[in-house]
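1. Pasting the sequence and the predicted coordinates here, then a few questions.
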Amino acid sequence: MSLGSLLPPLGETIRCPCCDRTIPALVLTDAYLCPRHGLFEVGSEENDPKKNNVVHLDSGRQWLFWQGQWHCQHQQIESLRTEIFAALDHLHHQGFHATRITLAQRYRELVTPYLESGSDCFRRIYYGKLRLYGLPVTFQPETQADYRWQVISFELTKAPGSPKNYAYLTCTRVSESGGKFG
Ligand SMILES: [Zn+2]
């Protein structure tokens, strides 16, 4: 029996989806162990014929590996919102700002209850248009049903320069100090 057949499907090592360090496979399991973040098990998601996904055993969070990066598959609104904020922050540091957020269709169900409850950060204002962090939000066009949209969670439309309003930064600061979203 070769060593390869004793290893999980993603090989000898992967990059930890949480901290990006290289972490080893545990032989004879389908898992990888990060000293900081614990066990990640290769999942068997039906939507993922490529089997490029791992589940964090402690939290149940799931990632798909695509084009050299892990993409978190959010089950909770808070984690989706946090990832969008990190991307907005990253854009800002690169000298850009976002003008629009496009969410994957698969999050429609996750996001909808927060629209209807009139949450501070995800709500219908401006004639029913959905906004997050002060930015207009739309869903992925139904016509774009390619594999990419099954993996990525959202896309930011960007423009050069700092944002004209900092609603998204303020919103997150308030929510971090005030606690719970929703
Ligand atoms: Zn880690």
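-> Cool, the structure landed.

2. chain center to stretch 149-156, what's the gap?
-> 8 Å (CA atoms, centre = their mean, to the nearest Å).

3. neighbouring contacts of that stretch?
-> 47, 64, 66, 71-74, 80, 83-84, 87-88, 91, 98, 100-107, 140 (CB atoms under 8 Å, 6 or more residues apart in numbering). (C-beta placed from N, C-alpha, C; glycine too.)

4. and if we set it to 6 Å?
-> Contact partners of stretch 149-156, identified using CB atoms under 6 Å, 6 or more residues apart in numbering, comprise Leu64, Trp66, His71, Ile84, Ala87, Ala98, Ile101, Thr102, Leu103, Ala104, Gln140.

5. Which per-residue confidence value corresponds to Arg124?
-> With respect to pLDDT, Arg124 scores 50.

6. And for the one 5 residues further on?
-> Predicted confidence (pLDDT) for Lys129: 68.

7. Without its sequence neighbours, what residue ends up closest to the residue minimising distance to the centre of the chain?
-> In the chain, the residue lying closest to the centroid (CA atoms, centre = their mean) is Cys72, at 4.0 Å. Once flanking residues are discounted, Cys72 sits nearest to Trp63: 5.4 Å by CB to CB, 6 or more residues apart in numbering.

8. so how many other residues sit close to that neighbour?
-> Residues near Trp63, counting by other CB atoms under 10 Å, number 22.

9. Return stretch 52-64 as CSV; C-alpha atoms alone will do.
-> C-alpha atoms of stretch 52-64 as CSV (Å, rounded to 0.1, in the frame of the first residue of the first chain):
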residue,chain,number,x,y,z
ASN,A,52,-12.1,20.0,-2.6
ASN,A,53,-13.8,20.9,0.6
VAL,A,54,-13.0,20.7,4.3
VAL,A,55,-15.2,21.1,7.4
HIS,A,56,-13.8,22.5,10.6
LEU,A,57,-14.8,19.9,13.2
ASP,A,58,-15.1,22.4,16.1
SER,A,59,-17.4,24.9,14.4
GLY,A,60,-18.9,23.0,11.4
ARG,A,61,-17.6,25.8,9.1
GLN,A,62,-16.9,24.7,5.6
TRP,A,63,-14.5,25.8,2.9
LEU,A,64,-14.1,25.0,-0.8
